[in-house]
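Chemist: Sharing a model that was predicted from the sequence below.
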Amino acid sequence: FALATAEGLPIEETMRLSSMAAALKCQVFGGRIGAPTRAEVRNALRDWSAGR
């Protein structure tokens, strides 16, 4: 959320990115190790949107 906000992304995109990042993070145990990359977040959003 903080990164997207600092980059000036629209609030809608910021919320989508941060929500998906949190969802992906919850799937992996650990701190920083479980944090998804931006590419992983974007791929997950693309896959999720295709399945809607």
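Modeler: Structure received.
Chemist: Can you pull up the most central residue in this structure?
Modeler: Centre of the chain computed as the mean C-alpha position; nearest residue by CA atoms, centre = their mean is A21, 2.8 Å away.
Chemist: Name the helix or strand for that one, please.
Modeler: Using DSSP states H and E, A21 sits within helix 11-25.
Chemist: Now do the buried residues in that helix.
Modeler: T14, R16, L17, S18, M20, A21, L24 (16 or more other CB atoms under 10 Å). Any C-beta I mention is one placed from the backbone N, CA and C, and that applies to glycine too.
Chemist: circling back to that earlier point, hmm, the residue nearest to the centre of the chain is touching P36, no?
Modeler: Yes. Under the criterion of CB atoms under 8 Å, A21 lies in contact with P36, with a separation of 5.6 Å.
Chemist: where are the low-confidence patches of this structure?
Modeler: 52 (pLDDT under 70).
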